[in-house]
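In: Structure of the sequence below:
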Amino acid sequence: MRLEIIIDKKHQIPTSTMEALRQALLKQLGETFPDLHVRVAPGSTMSLTVSRASKEDKERAEAMVQEVWENADSWMPEESMAS
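Out: Numbers count the residues shown, from 1 in each chain. This next block holds a predicted model:
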């Protein structure tokens, strides 16, 4: 499975935060999807793409991504939370 999250550059998210999100996703989703490849990168828009997965796995992965995102306190670097 391939998971790609593109974060709009205008939000000015630090590279350390994007890497922390990538690591959190690998940790949380990696047990369920052992073939997981995650990319978090800046872009011109916000997007989430799940590919190389069945419809059911895609829906499950998207729900898990939402859960990780909403629990940002557990993975976001301290310097990002201060801003």
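In: can we go C-alpha only for contacts and neighbour counts from here?
Out: OK.
In: Do a quick rundown of the helices in the protein.
Out: For the chain, the helices defined by DSSP state H occupy 15-30, 55-70, 78-82.
In: same question for the shortest one, mean pLDDT?
Out: The reference is to helix 78-82. Mean pLDDT, helix 78-82: 61.
In: got it, and the second one?
Out: Over the span of helix 55-70, the pLDDT mean works out to 96.
In: Give the other helices and strands that it contacts.
Out: helix 15-30, strand 47-51 (3 or more C-alpha pairs under 8 Å, 6 or more residues apart in numbering; DSSP states H and E).
In: Can you tell me which of those is most buried?
Out: Comparing the helices and strands packed on helix 55-70 by mean neighbour count (mean count of other C-alpha atoms under 10 Å), helix 15-30 ranks first with a mean of 18.
In: CA-only coordinates of that one in PDB, if you can.
Out: Provided in PDB are the C-alpha atoms of helix 15-30 (Å, rounded to 0.1, in the frame of the first residue of the first chain):
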ATOM      1  CA  THR A  15       9.900  19.600   7.700                       C
ATOM      2  CA  SER A  16      10.300  18.200  11.200                       C
ATOM      3  CA  THR A  17       6.500  18.100  11.600                       C
ATOM      4  CA  MET A  18       6.000  16.400   8.200                       C
ATOM      5  CA  GLU A  19       8.600  13.800   9.200                       C
ATOM      6  CA  ALA A  20       7.000  13.300  12.600                       C
ATOM      7  CA  LEU A  21       3.600  12.700  10.900                       C
ATOM      8  CA  ARG A  22       5.200  10.200   8.500                       C
ATOM      9  CA  GLN A  23       6.800   8.300  11.400                       C
ATOM     10  CA  ALA A  24       3.500   8.300  13.300                       C
ATOM     11  CA  LEU A  25       1.700   6.900  10.300                       C
ATOM     12  CA  LEU A  26       4.300   4.200   9.700                       C
ATOM     13  CA  LYS A  27       4.000   3.200  13.400                       C
ATOM     14  CA  GLN A  28       0.200   3.200  13.600                       C
ATOM     15  CA  LEU A  29      -0.600   1.800  10.200                       C
ATOM     16  CA  GLY A  30       2.400  -0.400   9.700                       C
END
